[in-house]
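just coords:
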């Protein structure tokens, strides 16, 4: 049991913590990451910053052999499999170009677990880990019924059908087998398994993804609980994957004063699989953080999340946050003025002390197609780049130099 592992470690390390990862056979590095994140979250003077695919794509200007696109005043870039085959360096990173440091966390997605994609992800993951960064994985899986994208709502009771005995179970186990094989082979230069924070079925209390609630697929809260439990047990107990911390991360929009009550979306806890299956209690917020008049709801909900996580001996985190599309252009100081000031209670909000006790905040990808871009952090030359430097320099913010100096994979 997780508590038994925690008791042994409590004895060994002087009872600095009161729990353990939900995987009692977690690798030493994975257990160390868990404890370091828990202890970090207890300290309101330290919050780490992360960005999804931070070394995969960006907009700070690129060069060969990166794939590049010109967008008027700036050039976007993307790391490719060609660079993997050339053993190329992944030196481009928008956060680093602006601040001088990589983010403390980055992450990628399993998608359909195809070989070329996982080759690219594995290469960049190992590079990030070698810098001391923490790596996360999400899973925007295609609709297993229609094979449409993650936002496709064709089919009914899909989560039920993915469980053992269901028509879609075989296909799901095949995908899990591929993802498990990837995690088994994800090793550093010393041959040690690289720990990963895995966040499946995220934002499930909203209806936009096929696995969510309140859409034509008609999934239920129990369906979400069962598929999360099945997924953890399959990876951990059947496939023997022990280098994962499991994150549960609904979206903002529940009742900000009660995780068990609905608001604009279903309640935060509606799909909670239980304490035996979750290491990290996360919150994704693109809703309340976008408007000044809703920032109190943002910090109220975050505070309730932290209190719940502490009660359950889990790690609280802001697992996604951002302004999508080009909205950062019209609010270039958003990171410091809206996000950080609200969390600290210095502007726009009445202070909620618990809201500052999170291990990290994590934003989405700076990515450009041929014609348009999604920008979540200012790139070099963006009108908000100097404001982001102020955010970076705030005494409570931590980036990759912190994770490297403190080695998050050792007790």
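Received the coordinates, thanks. Here the structure is a predicted model, which means the values were calculated and not measured.

can you give me the helices for the stretch 251-400 of the chain?
Taking DSSP state H, counting those that start in this stretch as the criterion, the stretch 251-400 of the chain contains helices spanning 295-311, 327-330, 334, 341-344, 385-393, 400-406.

so what touches the shortest one?
Read that as helix 334. Outside helix 334, the residues within contact range by C-beta atoms under 8 Å, 6 or more residues apart in numbering are 323, 328, 384. Every residue, glycine included, has its C-beta placed from N, CA and C.

just put the residues you listed in TSV and tack on pLDDT.
Shown next, in TSV, are those (pLDDT from 0 to 100):
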residue	pLDDT
323	95
328	95
384	97
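
who wins for neighbours among the residues you listed?
Taking other C-beta atoms under 10 Å to define a neighbour, the member of those with the most is residue 328, carrying 25 neighbours.

sorry, back to before: rank the helices of the stretch 251-400 of the chain by pLDDT, which is bottom?
The stretch with the lowest mean pLDDT among those is helix 327-330, which comes in at a mean of 94.

can you list contacts of that one?
For helix 327-330, the surrounding residues in contact (C-beta under 8 Å, 6+ apart) are 290, 334, 375, 376, 377, 378, 382, 383, 384.

out of these, which end up buried?
Applying a neighbour-count criterion of 16 or more other C-beta atoms under 10 Å, the buried members of the contacts of helix 327-330 are 290, 334, 375, 376, 377, 378, 382, 384.

what's the closest of those residues to residue 182?
If you rank the buried ones among the contacts of helix 327-330 by distance to residue 182 using C-beta to C-beta, residue 376 comes first, at 25.8 Å.

would you confirm that that closest one contacts residue 361?
No: in this structure, residue 376 sits apart from residue 361 without contact. The criterion is C-beta atoms under 8 Å, and the distance is 11.5 Å.

which residue packs closest to the residue positioned nearest the centre of the chain, ignoring adjacent ones?
The residue lying closest to the centre of the chain (C-alpha atoms, centre = their mean) is residue 319, at 4.6 Å. Distances taken as C-beta to C-beta, 6 or more residues apart in numbering place residue 282 nearest to residue 319, at 3.1 Å, with adjacent residues excluded.

ditto for residue 108
residue 121 (4.4 Å).

in contact with that neighbour, which residues?
The neighbours of residue 121, taking C-beta under 8 Å, 6+ apart as the test, are 108, 109, 182.

element containing residue 83, please.
Following DSSP states H and E, the helix or strand that holds residue 83 is helix 81-85.

now that helix: mean pLDDT?
Across helix 81-85, pLDDT averages out at 98.

helix/strand/coil for the nearest residue to residue 192 once chain neighbours are set aside?
For residue 192, ignoring the flanking residues on the chain, the nearest one in space by C-beta to C-beta, 6+ apart is residue 29 at 6.1 Å. For residue 29, the reduced secondary structure class is helix; criterion used: DSSP: H, G, I helix; E, B strand; the rest coil.

can you check the one 10 residues further on too?
Under three-state DSSP, the three-state class of residue 39 is helix.

picking that back up, report the beta-bridge partners for the residue nearest to residue 319.
The bridge-partner assignment for residue 282, based on DSSP bridges, gives residue 317.

wait, doesn't it sit right on residue 321?
No: no contact is recorded between residue 282 and residue 321 when judged using C-beta under 8 Å, the distance being 10.4 Å.

of the two, give the one with the bigger neighbour count.
Set residue 282 next to residue 321 and count neighbours by other C-beta under 10 Å: residue 282 wins out with 27 against 23.

count of neighbours near residue 68?
Counted by other C-beta under 10 Å, the residues lying close to residue 68 total 15.

just confirm it contacts residue 62, I think it does.
Yes: between residue 68 and residue 62 there is a contact at 4.0 Å, judged by C-beta under 8 Å.

got any residues that touch both of these two?
Both residue 68 and residue 62 are contacted by 75, 76, 77, 78, under the criterion C-beta under 8 Å, 6+ apart.

closest one to residue 294 out of those, please.
residue 76 (30.6 Å).

mind listing what the nearest residue to the closest one once chain neighbours are set aside touches?
Beyond its immediate neighbours in the sequence, the residue positioned closest to residue 76 (C-beta to C-beta, 6+ apart) is residue 368, lying 3.5 Å away. Residue 368 makes contact with 57, 59, 69, 71, 76, 374 under the criterion C-beta under 8 Å, 6+ apart.

want to throw those into CSV with neighbour count, pLDDT and secondary structure?
Shown next, in CSV, are those (neighbours: other C-beta atoms under 10 Å; pLDDT from 0 to 100; DSSP: H, G, I helix; E, B strand; the rest coil):
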residue, neighbour count, pLDDT, secondary structure
57, 23, 97, strand
59, 25, 94, coil
69, 16, 90, strand
71, 15, 87, strand
76, 25, 94, strand
374, 18, 93, strand
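
can I get those residues in a markdown table including distance to residue 270?
Supplementary listing: those in a markdown table, determined by distance: C-beta to C-beta, whole Å:
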| residue | distance to residue 270 |
| --- | --- |
| 57 | 33 |
| 59 | 37 |
| 69 | 41 |
| 71 | 41 |
| 76 | 38 |
| 374 | 29 |
